[in-house]
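Chemist: sequence unknown, structure follows:
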Ligand SMILES: Nc1nc2c(c(=O)[nH]1)N[C@H]1C(S)=C(S)[C@@H](COP(=O)(O)O)O[C@H]1N2
Ligand SMILES: [Mo]
């Protein structure tokens with residue numbers, strides 16, 4: 001030890017010098033007491049559970065955020081234990097992958113199925129040459145693919161009422177999904193010429209079902225049994241779920257048990273009761289999410305410790321493919337600056353962006369906008385409203401699923417005291433359904 005210490009001190013001094021050169025935030029002076037400090041105390045709880053399935057530091061206390069009351073119009077049939085919906089704590093996360101434990105999850109009126117994978121099967125039927133039934137073991141014998149992609153509920157919406165980024169955008173996550181391409185299973189069954197759509201059906205009570213266009217089913221849809229390197233967890237569809245990259249969350253049918261090949265889209269009960277309305281005038285045929293982004297630091301509820309160098313960071317994503325650029329404004333959208341994509345930059349995945357910023361201590365309004373590979377630019381609130389011919393009252397007074405993808409820009413206001421608050425002008429009514 002005695003021998004090592006001086007070299008460690010030299011190393012610290014060297015790295016401080018390098019940090020200074022890069023004009024980064026001021027590093028602390030290396031003090032002799034810091035270098036000579038005794039080693040930290042050790043964790044005394046080494047229970048088998050902690051060793052067998054890992055643990056985090058007791059100083060890390062990030063959790064999902066439980067959803068509040070919703071104005072959902074879904075009939076309240078509740079014969080089974082309920083598990084509340086919960087959001088992803090976006091402001092506390094780094095990088096692009098959402099840890100499964102912190103990945104948002106929607107409510108399920110019929111409880112979370114407790115499925116034995118040895119007894120679970122997936123059936124492919126309808127307009128096919130050979131109807132097939134696969135066990136989980138048989139599915140694992142197909143070539144395996146992993147895709148990193150975001151999963152977003154259309155319940156996400158910038159909102160003047162939300163205090164935090166979890167409140168505006170916490171109904172999304174980004175995982176590495178692993179499984180069999182649906183196209184391989186459809187080819188094995190042999191789809192007939194008249195086949196245009198597939199209906200994916202869940203084993204859960206209520207039989208959540210969703211029609212998926214055949215072109216998408218044959219493109220990048222996965223029948224996934226893995227999430228972030230381990231079996232998909234019950235909340236997210238164990239043992240099998242559909243993953244439909246870039247499409248609305250509702251497509252990603254959990255506890256998948258049947259694929260029916262059909263000639264036209266069918267409106268399932270859930271789509272009818274939760275996702276369509278008589279006066280639907282918006283994106284009826286739009287399934288793919290447009291370009292979107294949001295600043296996660298600094299964001300609502302946080303406080304800047306003082307003027308000087310800061311880093312603005314956030315997430316950008318698009319159902320169209322790769323994020324090609326993110327622009328950040330610190331003056332409420334008057335001027336924009338190109339942010340750096342902190343990588344990896346993957347299609348239909350959360351893409352981290354960063355922009356160094358010098359805060360002069362004055363009021364500022366921070367916001368970001370995303371450009372995607374189709375050349376689509378994320379709209380401002382005013383642009384979105386004008387495009388769909390909606391008033392601000394309608395933007396926030398209508399349930400999200402009637403508007404479609406609410407991908408307008410979310411501004412955060414920094415006060416002179418460093419406090420960060422929602423930068424959207426207040427409205428009288430905000431309706432919120434977590435879909
Ligand atoms: N079986 C089933 N699958 C489902 C749903 C459902 O209610 N039942 N909800 C969908 C909706 S609306 C969303 S946003 C996503 C949420 O997936 P997660 O809970 O893994 O985050 O699951 C989709 N798949
Ligand atoms: Mo959803």
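Modeler: Everything's here; your move. For clarity, every value in this text was computed on a predicted model and none was experimentally measured. Numbers count the residues shown, from 1 in each chain. Ligands and ions are numbered 1, 2, ... in the order given.
Chemist: C-alpha from now on. contacts and neighbour counts both.
Modeler: Noted.
Chemist: Need phi/psi at whichever residue of the stretch 51-200 of the chain sits closest to ligand 1.
Modeler: Nearest residue of the stretch 51-200 of the chain to ligand 1 (Cα to the nearest ligand atom) works out as residue 105 at 3.3 Å. Dihedral pair for residue 105: phi -150, psi 140, per degrees, to the nearest 10.
Chemist: what's the spacing between it and residue 84?
Modeler: According to Cα to Cα, to the nearest Å, residue 105 and residue 84 sit 8 Å apart.
Chemist: Kindly report the residues of the stretch 201-350 of the chain close to ligand 1.
Modeler: For the stretch 201-350 of the chain, the residues in contact with ligand 1 (Cα under 6 Å from any ligand atom) are 202, 204, 208, 235-236, 249-250, 252-255.
Chemist: Could you do the stretch 51-200 of the chain as well?
Modeler: 104-106, 108, 152-153.
Chemist: Strands - which of these land there?
Modeler: Among those, the members found in strands (DSSP state E) are residue 152.
Chemist: what's the neighbour count on the nearest residue to residue 135 once chain neighbours are set aside?
Modeler: Closest residue in space to residue 135, ignoring its immediate chain neighbours: residue 121 at 4.6 Å, by Cα to Cα, 6 or more residues apart in numbering. Residue 121 has 19 neighbours, counted by other Cα atoms under 10 Å.
Chemist: Report pLDDT for whatever residue of the stretch 1-150 of the chain ends up closest to ligand 2.
Modeler: Closest approach between the stretch 1-150 of the chain and ligand 2, counting by Cα to the ion: residue 106, at 6.5 Å. What the model reports for residue 106 is a pLDDT of 88.
Chemist: circling back to that earlier point, residue 105 and residue 84: who's more crowded?
Modeler: Each of residue 105 and residue 84 had its neighbours counted (other Cα under 10 Å), and the higher figure belongs to residue 105 (23 against 15).
Chemist: quick one: the more buried one from residue 68, how far?
Modeler: If you measure residue 105 against residue 68 using Cα to Cα, the figure is 13 Å.
Chemist: The residue nearest to residue 135 reaches residue 136, doesn't it?
Modeler: Yes. At 6.4 Å, residue 121 counts as touching residue 136 under the criterion of Cα atoms under 8 Å.
Chemist: Please report phi then psi for residue 217.
Modeler: Per degrees, to the nearest 10, the backbone of residue 217 is at phi -60, psi -30.
Chemist: Next up, the contacts around it.
Modeler: 182-183, 197-198 (Cα atoms under 8 Å, 6 or more residues apart in numbering).
Chemist: State the number of residues packed around the closest residue in space to residue 410 that isn't next to it in sequence.
Modeler: For residue 410, ignoring the flanking residues on the chain, the nearest one in space by Cα to Cα, 6+ apart is residue 158 at 5.5 Å. As a burial measure, residue 158 scores 23 neighbours (other Cα under 10 Å).
Chemist: Quick check, pLDDT for residue 158.
Modeler: In this model, residue 158 is scored at 96, pLDDT.
Chemist: how much space is there between it and residue 194?
Modeler: Residue 158 is 41 Å from residue 194, by Cα to Cα.
Chemist: repeat for residue 49
Modeler: Using Cα to Cα, residue 49 is found at 53 Å from residue 194.
Chemist: Just want to know which of those two has more residues nearby.
Modeler: The residue with more neighbours, out of residue 49 and residue 194, is residue 194; 12 against 9, by other Cα under 10 Å.
Chemist: which ones are touching that one?
Modeler: Applying Cα under 8 Å, 6+ apart to residue 194 gives the contacts 127, 262-263.
Chemist: any weak-confidence spans in the stretch 151-300 of the chain?
Modeler: Across the stretch 151-300 of the chain, the ranges flagged by pLDDT under 70 are 269-286.
Chemist: what's the residue nearest to residue 135 sitting at in phi/psi?
Modeler: In terms of degrees, to the nearest 10, the main-chain angles of residue 121 are phi -130, psi 160.
Chemist: One more: residue 61?
Modeler: phi -130, psi 20.
Chemist: In the chain, which residue sits closest to ligand 2?
Modeler: Closest point on the chain to ligand 2, by Cα to the ion, is residue 153, at 3.7 Å.
Chemist: Please verify my assumption that that residue contacts residue 172.
Modeler: Yes. Judged on Cα under 8 Å, residue 153 makes contact with residue 172 at a distance of 6.2 Å.
Chemist: How much space separates residue 318 from residue 148?
Modeler: According to Cα to Cα, residue 318 and residue 148 sit 13 Å apart.
Chemist: Show me which of those two is the more surrounded one.
Modeler: Taking other Cα under 10 Å, residue 318 and residue 148 do not tie; residue 318 has more neighbours (32 against 20).
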